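> Next come a sequence and a model predicted from it.
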Amino acid sequence: MNNRKMFAIVLAAAFLGVTAGTLINSPQAQASFWSNLLNGLTSHFTQSSTTTSTAGIAQAPAAPYAPASSYEQQIVDAVKQATPAVVSIIISKDVPIIEQCPATNPFTNLPPQFQQFFGQSFNYTVPCQKGTQLQETGAGSGFIISPDGLILTNKHVVADATAQYTVILNNGKKYNATVLARDPQQDIALIKINATGLPTLTLGDSSTLELGQTAIAIGNALGQFSNTVSVGVVSGLSRDITANGALYGSETINGVIQTDAAINPGNSGGPLLNLRGQVIGIDTAVVSGAQNIGFAIPINNTKKDITQVENGGTIAMPYLGVSYITIDSSIASQDSLSVDYGALIQGGTGQPAVIPGSPAAKAGLQSGDIILSVNGVNVDQNNTLSALINQHKVGDTVTLTVLRGSQTLTIKATLAQFPNS
């Protein structure tokens with residue numbers, strides 16, 4: 001209520017009081033009337049000042065946000081626990097500085113009568129390089145796995161051997177990073193910064209994942225929005241995908257996790273978490289033009305790499321040396337195969353079925369062979385040939401059960417180190 005209205009009320013009350021004074025003859029009654037009026041006005045003004053705050057709108061008391069459910073609280077807790085250990089990785093390169101430089105006038109050899117049209121005043125320039133400058137060319141994500149600065153990321157994030165890499169922590173501190181190792185077979189790399197006492201993430205167990213369980217992705221989305229959080233579910237398991245990149249071409253990645261948690265360019269190398277805040281995967285790829293179909297490398301696939309690097313070595317992956325497709329009931333029906341599981345050895349575009357000089361070639365494997373099992377474990381959609389081989393070390397000898405036509409063979413192959421090329 002504004003002052004003008006309140007003034008009118010006071011005048012009206014005063015008038016009534018004067019009138020009442022003429023009607024109420026008793027001095028005690030008049031005193032009681034004025035006392036009651038004063039108390040009423042005081043109470044009204046006091047109440048107005050406490051309920052009409054900003055623009056007359058009632059304001060809720062300030063209080064910390066309280067999650068609406070225990071599920072929401074789990075997500076909040078997992079993000080708070082993980083965020084300090086998630087980093088942004090900035091990629092920089094020396095790029096040429098292009099300017100316009102003077103060039104020889106191409107018209108100097110014209111007859112004199114034409115020189116007036118293309119004489120000394122004609123300025124002729126061509127593009128030329130004037131040195132180089134360091135320029136940001138890309139960005140990705142990673143996460144700290146040891147207090148002394150060991151960071152896990154994607155191989156394709158740090159694929160350029162001529163680039164410089166800078167790690168930016170959640171608190172804004174920047175460090176130059178050294179690439180320690182790149183996995184030759186998987187999209188995994190380990191880099192190192194010179195720091196101590198850093199927060200770390202706990203690695204979970206990706207072998208226990210269930211369809212529909214919550215998945216939380218954190219990363220440097222689009223290379224601009226660090227520690228962006230998105231939440232979804234585990235949408236699929238043991239997917240085989242082919243990813244494409246400017247630096248590494250086409251690469252097949254086996255056994256990845258599918259999730260509908262939003263994964264954007266720049267998220268590559270960031271963690272995929274469960275509700276306990278444990279890493280279950282490394283965000284690696286997204287389907288272009290699709291809605292919320294992203295992929296992450298199971299964290300268990302990285303543990304052998306981490307152990308090898310922590311022990312001071314490089315990543316040495318076991319290698320059999322065949323191109324294959326994993327058989328299922330659809331492929332078995334399409335190709336009229338006698339089995340609906342196994343790895344069918346066959347070449348692709350520019351890729352031989354059996355690589356010359358490889359352990360597979362030395363063991364006598366041939367195009368058209370079907371590898372049914374490795375050391376007694378059947379090859380299928382849940383246990384691909386590459387996954388079973390990766391469980392072993394370089395130098396291990398594995399026993400393969402192979403179907404060749406109608407004949408079942410037992411073949412031993414000694415695994416070599418995966419070649420860099």
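Here it is on my side, so go on. Residues are numbered from 1 along each chain as shown.

> and the spatially closest residue to residue 292 that is not a sequence neighbour, what does it touch?
Computed as C-beta to C-beta, 6 or more residues apart in numbering, the closest residue to residue 292 that is not its neighbour in sequence is residue 260, at 4.0 Å. All C-beta atoms are positioned from the backbone trio N, CA, C, and that covers glycine. Under the criterion of C-beta atoms under 8 Å, 6 or more residues apart in numbering, the neighbours of residue 260 are 232, 233, 235, 292, 293, 294.

> Now do residue 260 against residue 235, distance only.
Residue 260 is 5 Å from residue 235, where distance means C-beta to C-beta, to the nearest Å.

> what sits in contact with each of those two?
In contact with both residue 260 and residue 235: residue 293, using C-beta under 8 Å, 6+ apart.

> for residue 164, which residues make a bridge with it?
Residue 164 has the following beta-bridge partners by DSSP bridges: residue 92.

> top of the contacts of residue 260 by neighbour count?
For those, the largest neighbour count, defined by other C-beta atoms under 10 Å, is 26 neighbours, found at residue 294.

> now that one: how far from residue 241?
The gap separating residue 294 from residue 241 is 10 Å, by C-beta to C-beta.

> so what sits against both of the two?
Between them, residue 294 and residue 241 share the neighbouring residues residue 285, with contact defined by C-beta under 8 Å, 6+ apart.

> Spatially, which residue comes closest to the residue nearest in space to the middle of the chain, not counting chain neighbours?
Centrality entry for the chain: nearest residue to the mean C-alpha point is residue 267, 2.7 Å, by C-alpha atoms, centre = their mean. Here the nearest residue to residue 267 in space, its sequence neighbours aside, is residue 219; by C-beta to C-beta, 6+ apart that works out to 3.4 Å.

> The one you found: what secondary structure?
Residue 219 falls in the strand class when you classify it by DSSP: H, G, I helix; E, B strand; the rest coil.

> Touching, it and residue 143? I think so.
No - in this structure, residue 219 sits apart from residue 143 without contact. The criterion is C-beta atoms under 8 Å, and the distance is 9.0 Å.

> which stretches of the stretch 301-421 of the chain have low pLDDT?
Where the stretch 301-421 of the chain drops to pLDDT under 70, the residues are 420-421.

> do that again at 80, thanks
Applying pLDDT under 80 to the stretch 301-421 of the chain flags residues 312-313, 348-350, 382, 419-421.

> quick one, helices of it?
Under the criterion DSSP state H, counting those that start in this stretch, the stretch 301-421 of the chain contains helices at 303-310, 329-334, 359-363, 385-390.

> ok, of the contacts of residue 260, which one's closest to residue 339?
Comparing the contacts of residue 260 against residue 339 with C-beta to C-beta places residue 235 closest, at 29.0 Å.

> Can you tell me the closest non-neighbouring residue to that closest one?
Once flanking residues are discounted, residue 235 sits nearest to residue 258: 4.5 Å by C-beta to C-beta, 6+ apart.

> What does the one you found show for phi and psi?
Dihedral pair for residue 258: phi -100, psi 140, per degrees, to the nearest 10.

> Contacts only, for it.
Taking C-beta under 8 Å, 6+ apart as the test, what residue 258 contacts is 234, 235, 236, 237, 239, 293, 294, 295.

> And for residue 187?
The neighbours of residue 187, taking C-beta under 8 Å, 6+ apart as the test, are 154, 155, 156, 243, 251, 253, 282, 284, 285, 297.

> Who are the contact partners of the second one?
Yep, that's residue 155 we're talking about. For residue 155, the residues meeting the contact criterion (C-beta under 8 Å, 6+ apart) are 182, 183, 186, 187, 188, 189, 248.

> Including secondary structure, distance to residue 404 and pLDDT, could those go into JSON lines?
What follows is these, written out as JSON lines (DSSP: H, G, I helix; E, B strand; the rest coil; distance: C-beta to C-beta, whole Å; pLDDT from 0 to 100):
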{"residue": "182", "secondary structure": "strand", "distance to residue 404": "36", "pLDDT": "90"}
{"residue": "183", "secondary structure": "coil", "distance to residue 404": "32", "pLDDT": "87"}
{"residue": "186", "secondary structure": "coil", "distance to residue 404": "30", "pLDDT": "86"}
{"residue": "187", "secondary structure": "coil", "distance to residue 404": "33", "pLDDT": "89"}
{"residue": "188", "secondary structure": "coil", "distance to residue 404": "34", "pLDDT": "93"}
{"residue": "189", "secondary structure": "strand", "distance to residue 404": "38", "pLDDT": "93"}
{"residue": "248", "secondary structure": "coil", "distance to residue 404": "34", "pLDDT": "52"}
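
> Out of those, the closest to residue 148 would be?
residue 189 (17.4 Å).

> ok, that closest one touching residue 160?
No - counting by C-beta under 8 Å, residue 189 does not reach residue 160; the two are 11.5 Å apart.

> Between those two, which has more neighbouring residues?
residue 189 (26 against 17).

> Beta-bridge partners for that one, please?
In beta-bridge terms (that is, DSSP bridges), residue 189 pairs with residue 153, residue 182.
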